[in-house]
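Participant: output the structure for:
(one chain, ligands or ions: 1)
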Amino acid sequence: MEHSKKGFPEGFLWGGAIAACQAEGGFGEDHKGISVSDISFYDPDSDRRDLSKHLNITSSVIEKALRETGTKGYPKREGIDFYHRYEEDIRLCAEMGFKVFRFSIAWSRIFPKGDELLPNEKGLEFYDRVLTELEKYNIEPLVTLSHFEMPLHIVNEYGGWKNRKVIEMFIRFAELLFRRYKDRVRYWITFNEINAGRFSTFKSTGLVEDRSEHYLQDCYQAIHHQFVASALAVEKCRRFAPNSQIGCMIARLTTYPATCHPDDVLQAMLDDQYHNFFYMDVQARGAYPPYMNRFFEDNGIEIVMEPGDTEILQNNIIDFISFSYYVSAITSNSKERLAQLDETEGNLTRGIRNPYLVASDWGWQIDPVGIRYSMNTIYDRYQKPLFIVENGLGAEDKLEDHEIHDHYRISYLREHIAQMKEAIRDGVELIGYTPWSAIDIVSSGTSEMSKRYGFIYVDKDDLGNGTQKRYKKDSFYWYKQIIASNGADL
Ligand code: BGP
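Facilitator: Coordinates of the predicted model:
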């Protein structure tokens, strides 16, 4: 890819992203198993319910709770019915000029329980068809192996990722996909937002959040197992799909010091290390960074490693770094200073409000400059190509006379793309950009349909009412123009 001084390089991969658990629906179809995401749902009467709060999750517990609320588990179990409507959805993305489409392959569709030795062929055939459709329009697939879709059986039977046995199950799944799709997929991501294992543990590692003294220990042990699994996936990818590239993925949690007090500046540095760099250091440099030893010591955590783990991590570093970027937050180490500031919502974790920024309707602070800052800090440290695989604005769009005037989304994206352009001029190597989301899908955090991110509107509400018809938003036409001009016509 030729990087010019002026803007986006030739061949830049413009596109959009979705995840199986939020888009596909097709729950239970063609032998799909229940996944961790399938049991978190929106309940209009008691705000949100997340069954992960139940310690003993079994499918009968789920079915009972779903019956009690009368929601049938809507909407995650129905998604936007991408399982049956993928042809139309991909055609619309092609109409926007997509060069790349990011999606995930649901583990629970291929190995419904997770611990089987043989895959579910029916599940694989669905992804064969999705790839055929993308090939029709010359759209590159960017495939996430794990996007909050672990089979629930693994949580019930094995305790999720804190159990080392899960590595083997995951690798069986990953190797199968590399072998099958080696000539059809050039870009892979191992774990979506691997740092979610610290913040949103249930959907990421299958760990139910609690206050026990083992909780942090279990969290980091589960994350260690994902690191090893990610590195082993890199190894398998190199062996079975040598023409493709494989990357890690984090939720970039950009945090500034609340004041110029040196303690706050230091706190921001520590937050960056613990919540962002730790995950990239292990996967892009191939070793646990020294600052984590102190963190583990201070928190009484001892990571159990098996002989050979250090070499596995060292020998299998990723090809590119991908990340999601939505918001920034601020931090301070002083209770007095914090008391003067408000809290805010954010991706995966809550934060402290920055008085210089405005926030979305869901309280996520909008900070386009933060994307340039983040790209520079990451690229400086690793000098590896970056891929921005999520970025966007969740908003409550209104359908008026078959149109959606989402000027707020256009502004959000325009300002972020302008800052990406600046970062490229700063020298950052950026492979592509897949905003969240290509099309409206169910929100991961709230399980609502009304928190929309797409360029394409899907007529469906939080209660499952609607025609499911697709409508092009104003941002659809705007983004088409951006892609056609390779980012020149902002
Ligand atoms: C990221 C996830 C996505 C996505 C996005 C927006 O954390 O990788 O799956 O949904 O955030 O979050 P939400 O849907 O909660 O607004």
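
Participant: please identify the residue most distant from the middle of this protein.
Facilitator: residue 336 (34.4 Å; Cα atoms, centre = their mean).

Participant: how about the residues of the stretch 151-300 of the chain by the ligand?
Facilitator: Proximity of the stretch 151-300 of the chain to the ligand, by Cβ under 6 Å from any ligand atom, involves residues 192, 193, 251. C-beta here means a position set from N, CA and C on the backbone, and glycine is covered the same way.

Participant: shouldn't the first one be in contact with residue 103?
Facilitator: No - in terms of Cβ atoms under 8 Å, residue 192 does not count as a neighbour of residue 103; the distance is 11.1 Å.

Participant: let me see the mean pLDDT of stretch 299-311.
Facilitator: The average pLDDT within stretch 299-311 is 96.

Participant: what's the span of it, first residue to last?
Facilitator: End-to-end distance of stretch 299-311 (Cα to Cα, to the nearest Å): 26 Å.

Participant: and stretch 357-374, by the same measure?
Facilitator: End to end - Cα to Cα - stretch 357-374 spans 17 Å.

Participant: now swap in stretch 388-397 and tell me
Facilitator: Stretch 388-397 has an end-to-end distance of 24 Å (criterion: Cα to Cα).

Participant: how distant is it from the center of its chain?
Facilitator: Stretch 388-397 sits 12 Å away from the centroid of its parent chain (Cα atoms, centre = their mean, to the nearest Å).

Participant: how about it: buried residues?
Facilitator: By 16 or more other Cβ atoms under 10 Å, the buried positions in stretch 388-397 come out as 388, 389, 390, 391, 392, 393, 394, 395, 397.

Participant: restrict the residues you listed to those near the ligand?
Facilitator: 390, 394.

Participant: let's see which of the buried residues of stretch 388-397 end up in strands.
Facilitator: Residues of these located in strands (DSSP state E): 388, 389, 390.

Participant: quick check: beta-bridge partners of the spatially closest residue to the last one that is not a sequence neighbour?
Facilitator: I take that to be residue 390. Leaving aside its chain neighbours, residue 390 sits nearest to residue 324 (3.3 Å; criterion: Cβ to Cβ, 6 or more residues apart in numbering). Per DSSP bridges, the residues bridged to residue 324 are residue 251, residue 390.

Participant: which ones are touching the residue in the stretch 251-400 of the chain positioned nearest to the ligand?
Facilitator: Using Cβ to the nearest ligand atom, the closest approach of the stretch 251-400 of the chain to the ligand is made by residue 394 at 4.5 Å. Counting by Cβ atoms under 8 Å, 6 or more residues apart in numbering, residue 394 touches 360, 361, 362, 364, 443, 451, 452, 453.

Participant: could you check how many residues crowd around the nearest residue to it once chain neighbours are set aside?
Facilitator: The spatial neighbour of residue 394 that comes closest, neighbours along the chain excluded (Cβ to Cβ, 6+ apart), is residue 451 at 4.3 Å. Residues near residue 451, counting by other Cβ atoms under 10 Å, number 22.

Participant: how about residue 465?
Facilitator: Neighbour count for residue 465, taken as other Cβ under 10 Å: 10.

Participant: could you verify that it is part of a helix?
Facilitator: No - assignment of residue 465 by DSSP: H, G, I helix; E, B strand; the rest coil gives coil, placing it outside any helix.

Participant: state the distance from it to residue 449.
Facilitator: Using Cβ to Cβ, to the nearest Å, one gets 10 Å for the distance from residue 465 to residue 449.

Participant: before we move on, what about residue 295?
Facilitator: With Cβ to Cβ as the criterion, residue 295 and residue 449 are 39 Å apart.

Participant: any chance of the residues of the stretch 151-300 of the chain next to the ligand in a markdown table, with pLDDT and neighbour count too?
Facilitator: Output for those, formatted as a markdown table (pLDDT from 0 to 100; neighbours: other Cβ atoms under 10 Å):
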| residue | pLDDT | neighbour count |
| --- | --- | --- |
| 192 | 97 | 27 |
| 193 | 97 | 29 |
| 251 | 97 | 24 |
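
Participant: quick check on the spatially most central residue of the chain: phi, psi?
Facilitator: Centroid check for the chain by Cα atoms, centre = their mean gives residue 192 as the closest residue, at 4.2 Å. Main-chain torsions, residue 192, degrees, to the nearest 10: phi -60, psi 130.

Participant: which neighbours do residue 192 and residue 103 share?
Facilitator: Common neighbours of residue 192 and residue 103 are listed as 19, 144 (criterion: Cβ under 8 Å, 6+ apart).

Participant: and the helix or strand where residue 203 lies, what does it pack against?
Facilitator: For residue 203, the host element (DSSP states H and E) is helix 201-205. In terms of contacts (3 or more Cβ pairs under 8 Å, 6 or more residues apart in numbering; DSSP states H and E), helix 201-205 is packed against helix 196-199, helix 215-240.

Participant: nearest to residue 459, of those?
Facilitator: Taking Cβ to Cβ, helix 196-199 is the member of those nearest to residue 459, at 30.0 Å.

Participant: for the closest one, buried residues please.
Facilitator: Applying 16+ other Cβ under 10 Å to helix 196-199 flags 196, 197, 198, 199 as buried.

Participant: going by distance to the ligand, which of the residues you listed wins?
Facilitator: When those are compared for distance to the ligand (Cβ to the nearest ligand atom), residue 196 wins out at 6.7 Å.

Participant: so between residue 295 and residue 449, which is more surrounded?
Facilitator: Ranked by neighbour count (other Cβ under 10 Å), residue 295 and residue 449 place residue 449 first, with 27 against 15.

Participant: how much space between that one and residue 457?
Facilitator: Separation of residue 449 from residue 457 (Cβ to Cβ) stands at 11 Å.

Participant: neighbours around the nearest residue to residue 107 once chain neighbours are set aside, how many?
Facilitator: Leaving out its chain neighbours, the residue that sits closest to residue 107 by Cβ to Cβ, 6+ apart is residue 149, at 5.0 Å. Neighbour count for residue 149, taken as other Cβ under 10 Å: 26.

Participant: may I ask which helix or strand of the chain has the lowest mean pLDDT?
Facilitator: The helix or strand of the chain with the lowest confidence, counting by mean pLDDT, DSSP states H and E, is strand 48-50 at a mean of 47.

Participant: pretty sure residue 349 contacts residue 199?
Facilitator: Yes - using Cβ under 8 Å, residue 349 is in contact with residue 199, at 4.6 Å.

Participant: please report phi then psi for the residue in the chain that the ligand sits nearest to.
Facilitator: Going by Cβ to the nearest ligand atom, the ligand is nearest to residue 445 of the chain, at 2.6 Å. For residue 445, the backbone dihedrals (degrees, to the nearest 10) come out as phi -80, psi -40.

Participant: distance-wise, check it relative to residue 326.
Facilitator: 11 Å.

Participant: and if you look at residue 170?
Facilitator: According to Cβ to Cβ, residue 170 stands 27 Å off from residue 326.

Participant: ok, back up a step: and the pLDDT at the residue nearest to residue 107?
Facilitator: For residue 149, the predicted pLDDT is 93.

Participant: helix, strand or coil: sort out it for me.
Facilitator: Residue 149 - assigned by three-state DSSP - is coil.

Participant: may I have the phi/psi pair for the closest residue to residue 459 other than its chain neighbours?
Facilitator: Among residues not flanking residue 459 along the chain, residue 466 sits closest, at 4.3 Å (Cβ to Cβ, 6+ apart). Here is the backbone geometry of residue 466 (degrees, to the nearest 10): phi 130, psi 170.
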